[in-house]
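**Student:** Need coordinates for the following:
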Amino acid sequence: MKKKIAVPVKEGILDGHFGHCSHFALLDVMDNTIVAEDLVAAPPHEPGLLPPFLADLGVTDVIAGGMGNQAIQIFNKHNVNVFVGAPQMGAKELVTGFLNESLSFTANYCDH
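**Tutor:** Presented below is the predicted three-dimensional model:
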């Protein structure tokens, strides 16, 4: 199965505030193996902009620390799965843990 997973990052580590991250790590996955990794600058923060931006890049899944409910709903409308409550780790480490089901998610810590 092919996936493209986006992780909001700052200096290579998960940025806890999804909407204000500086970059997105985009990891291409084929049959549960990371086959490519790219770093894309995030556009300026604007409500509702990031879901279509990432969907247009082919993103199928987002791993985040916290995210507002409205953003989650917009991602879902773009057929992008959202997983919140991820720990602050490197993007590749997060995706590897996600793929082998060893990553533990906590509560969504974004309250807006």
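**Student:** use CA for all of it now, contacts and neighbours both
**Tutor:** Noted.
**Student:** Which stretches in the chain count as strands?
**Tutor:** For the chain, the strands defined by DSSP state E occupy 2-10, 13-14, 23-30, 33-41, 61-63, 81-83.
**Student:** would you turn the ones you listed into TSV with mean pLDDT and mean neighbour count?
**Tutor:** As requested, these are exported to TSV (pLDDT from 0 to 100; neighbours: other C-alpha atoms under 10 Å):
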stretch	mean pLDDT	mean neighbour count
strand 2-10	97	23
strand 13-14	94	22
strand 23-30	98	21
strand 33-41	97	14
strand 61-63	98	23
strand 81-83	96	17
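**Student:** Which one, of these, ends up nearest to Leu54?
**Tutor:** With C-alpha to C-alpha as the measure, strand 2-10 is the member of the strands of the chain nearest Leu54 (7.8 Å).
**Student:** partners of the closest one, with directions?
**Tutor:** Using DSSP bridges, the strands paired with strand 2-10 are strand 13-14 (antiparallel), strand 23-30 (antiparallel), strand 61-63 (parallel).
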